[in-house]
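Q: My questions are about this predicted structure, shown below with the sequence.
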Amino acid sequence: MTERSLWAPRLLIIVLFALGFAVAQDVTIEIVGWGSGQAVVYEEFMNQNPSIAVTEQMMPFGDLIVFLKTRFLAGEAPDIVQLQPGHLIEFRDNLLPLDDLIASDAELDLANFVQPALTITIVDGMLLGIPQHPIVSGMLWYNKDIFDELGLQVPTDYDELKAVAQACRDAGHLPLILNGGDAWNRLNVVEQLFAYFAPGKKAQAVAGEIPWTDPDLVAGMAFFETMVEDGVFQDGVMGADFGVMTAFSEGNGCIVVQGSWAKGGQLIGIRPEGTVGLTLPMPFPDVTDSGLAWMPALGTGHSFGINKDSPNIEAAWEVMKQIIRLGDPLANYPVLIPVYASGVDSPVMARANNMGQLEATTAFELAAWDAEGAFLNDAWGFAEVRDAIAEAASGVATGQVSAEVAMREVQRVAERVLGR
């Protein structure tokens with residue numbers, strides 16, 4: 001056989017290999033989650049990586065978990081899933097540990113993550129998700145203009161909080177606004193009550209070291225009803241959904257229960273047109289009058305994990321790196337603390353133009369992340385326990401059940417999921 005004849009099959013192999021490689025590189029990464037999505041992030045990625053397409057499907061969070069469980073059972077799960085960190089444990093057998101991928105990537109360093117946020121996404125010693133949008137909850141926002149008008153000071157204990165609430169009512173304003181019909185914000189209040197009435201005991205109960213029927217935890221749950229009965233919250237609080245927040249933005253409320261995620265609705269220059277008043281963050285007051293320092297709750301708005309059975313793990317990891325590098329700044333989300341210290345500034349934050357308000361808010365959030373007593377508000381262990389706490393708070397606050405009975409039900413749920 002001549003040398004020329006030998007080259008023909010070799011050339012064919014090279015061509016076929018090149019074609020096969022090109023086909024292998026033309027992949028689509030499917031992302032499923034909830035909320036407004038991150039179209040800008042993925043568009044930027046596809047401009048830089050034309051061989052990888054990214055599609056995202058967003059749905060109401062109430063539909064997401066059942067949808068994902070069904071897809072995983074059918075072997076048709078998306079490549080990347082967006083979850084609340086508390087749900088990572090439910091999908092731990094479906095998600096790819098990311099530790100080795102990060103360790104092998106010279107561009108990334110675990111030390112550059114906000115460490116408490118990163119801790120939230122570690123399950124059984126494995127990093128199963130990339131956190132995004134670090135947030136502080138267990139905090140309040142107040143309308144300083146109304147406070148100044150009524151001669152009020154930021155309350156630091158329960159008597160002061162009641163007095164402020166009454167003064168606001170007397171002036172025709174709503175007192176402490178809470179969307180009590182939404183489980184997630186009820187939990188933010190209950191966590192603060194646990195932190196004051198039973199410091200450190202929530203984490204012990206989550207771990208199964210003490211029962212949820214511990215007297216101090218029961219006392220914290222019972223105080224939620226006390227706050228409702230004392231008129232600290234607005235009338236009809238337990239039937240209110242997120243729409244009640246409009247009253248605060250319109251200048252008709254004195255204080256509102258919202259976390260640092262609400263910066264976009266509060267910071268002048270960013271917030272929606274028609275928002276009234278200079279609003280500033282404040283700690284949740286020491287309702288036990290015990291002199292305890294405020295214990296902020298820290299968490300993350302989202303976490304992103306990779307399906308361990310995805311046929312496109314390498315491409316999915318490239319997308320995940322884009323989420324790490326650019327997700328916060330490009331997703332139209334006003335972030336003061338990036339979850340990953342990339343040094344990229346948020347163009348949204350750049351629009352904030354009241355420097356006094358911006359500096360005060362920034363200092364408040366940074367101090368919360370450094371607070372000695374801060375705890376992880378996403379660390380419920382199992383979503384079922386978290387949901388049971390929220391249900392207990394609703395029943396107690398409306399007088400349908402006593403705190404003791406409600407917490408016994410929480411303990412029953414905890415024993416079931418812990419296999420006891």
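A: The structure has been received and is ready for your questions.

Q: what about Val256, is that helix, strand or coil?
A: strand (DSSP: H, G, I helix; E, B strand; the rest coil).

Q: Same check on Met238?
A: helix.

Q: So which residue is smack in the middle of the chain?
A: Centroid-nearest residue in the chain: Gly301, 2.4 Å away (criterion: CA atoms, centre = their mean).

Q: My reading is that it lies in a strand. Confirm?
A: Yes - under three-state DSSP, Gly301 falls within a strand.

Q: excluding its backbone neighbours, what's nearest it?
A: Nearest non-adjacent residue to Gly301, counting by CB to CB, 6 or more residues apart in numbering: His133, 3.4 Å away. Glycine gets a C-beta too; all of them are placed from N, C-alpha and C.

Q: ok, the one you found to Ile323 distance?
A: 11 Å (CB to CB, to the nearest Å).

Q: and Thr275, what is it in contact with?
A: 249-250, 265-266 (CB atoms under 8 Å, 6 or more residues apart in numbering).

Q: Same check on Phe284?
A: 138-140, 189, 192, 294.

Q: Now Leu176. Its backbone dihedrals?
A: The phi and psi values for Leu176, taken as degrees, to the nearest 10, are phi -90, psi 110.

Q: Can you name the residues bridging to it?
A: Per DSSP bridges, the residues bridged to Leu176 are Phe233, Ile255.

Q: Give me the pLDDT for the nearest residue to Pro272 once chain neighbours are set aside.
A: Residue nearest to Pro272 in three dimensions, not counting chain neighbours: Gly265, with 6.6 Å by CB to CB, 6+ apart. Note on Gly265: pLDDT of 91.

Q: And Gln258, by the same measure?
A: 95.

Q: swap in the one 4 residues further on?
A: Per-residue confidence for Ala262 comes out at a pLDDT of 89.

Q: which residues of the stretch 201-350 of the chain score low on pLDDT?
A: 327-338, 341-347 (pLDDT under 70).

Q: Where do the strands of it begin and end?
A: With DSSP state E, counting those that start in this stretch as the criterion, the stretch 201-350 of the chain has strands at 253-257, 279-283, 297-306.

Q: mind checking which of these is nearest Cys168?
A: For the strands of the stretch 201-350 of the chain, proximity to Cys168 was assessed by CB to CB; strand 253-257 is nearest, at 4.0 Å.

Q: and that closest one with strand 279-283, angle?
A: Taking axes from the mean of the first three to the mean of the last three CA atoms, to 10 degrees, strand 253-257 and strand 279-283 form an angle of 50 degrees between their directions.

Q: domains for this protein, by residue range?
A: Annotated domains of the chain cover 4-133+299-351, 137-298+373-419 [automatic domain parsing].

Q: What are the boundaries of the helices in the stretch 51-200 of the chain?
A: For the stretch 51-200 of the chain, helices defined by DSSP state H, counting those that start in this stretch occupy the ranges 61-73, 99-103, 115-120, 144-150, 158-170, 183-197.

Q: Which one of the ones you listed lies nearest to Leu366?
A: That would be helix 115-120 among those, by CB to CB, at 12.8 Å.

Q: ok now stretch 313-322, how far from the chain's centre?
A: 22 Å (CA atoms, centre = their mean, to the nearest Å).

Q: ugh, typo on my part, it should be stretch 107-127
A: The answer for stretch 107-127 is 15 Å, by CA atoms, centre = their mean.

Q: now stretch 115-133
A: 12 Å.

Q: Now do the end-to-end distance for it.
A: 13 Å (CA to CA, to the nearest Å).

Q: Would you mind pulling the contact partners of it?
A: Contacts of stretch 115-133 (CB under 8 Å, 6+ apart): 83, 85, 88-89, 91-92, 95-99, 102, 110, 113-114, 134, 261, 298-305, 320, 323-324, 327-328, 333, 335, 339, 369, 374, 376, 378-379.

Q: Find the nearest non-adjacent residue to Ala219, please.
A: In space, Ala219 is closest to Phe197, 4.8 Å off (CB to CB, 6+ apart).

Q: count of neighbours near that neighbour?
A: For Phe197, the neighbour count with other CB atoms under 10 Å is 22.

Q: can you check Glu209 too?
A: Counted with other CB under 10 Å, Glu209 comes out at 9.

Q: do the same with Pro199
A: Pro199 has 16 nearby residues by other CB under 10 Å.

Q: Hmm, it is touching Ala293, no?
A: No - contact between Pro199 and Ala293 fails when scored by CB atoms under 8 Å: they sit 10.1 Å apart.

Q: Which neighbours do the two have in common?
A: Gly373.

Q: before we move on, back to that, the residue nearest to the centre of the chain: what's it in contact with?
A: 132-133, 135, 261.

Q: can you tell me which of those residues are in strands?
A: 132-133, 135 (DSSP state E).

Q: before we move on, back to that, which of the domains of the chain has the highest mean neighbour count?
A: Comparing the domains of the chain by mean neighbour count (mean count of other CB atoms under 10 Å), domain 137-298+373-419 comes out on top with a mean of 19.

Q: show me what contacts Leu193?
A: Taking CB under 8 Å, 6+ apart as the test, what Leu193 contacts is 220-221, 223-224, 287.

Q: Taking those together, which two end up most distant?
A: Met221 and Val287 (12.8 Å).

Q: So what sits opposite the spatially closest residue to Gly37 that is not a sequence neighbour in the bridge?
A: Using CB to CB, 6+ apart and skipping the chain neighbours, the partner closest in space to Gly37 is Met58 (4.6 Å). Partner residues in beta bridges with Met58, using DSSP bridges, are Gly33.

Q: Roughly how far does Met58 sit from Thr361?
A: Taking CB to CB, one finds Met58 at 28 Å from Thr361.

Q: returning to what we had before: can you put the ones in strands among the contacts of Gly301 in JSON lines and add pLDDT and distance to Ala390?
A: As requested, those are arranged in JSON lines below (pLDDT from 0 to 100; distance: CB to CB, whole Å):
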{"residue": "Gln132", "pLDDT": "82", "distance to Ala390": "23"}
{"residue": "His133", "pLDDT": "79", "distance to Ala390": "21"}
{"residue": "Ile135", "pLDDT": "85", "distance to Ala390": "18"}
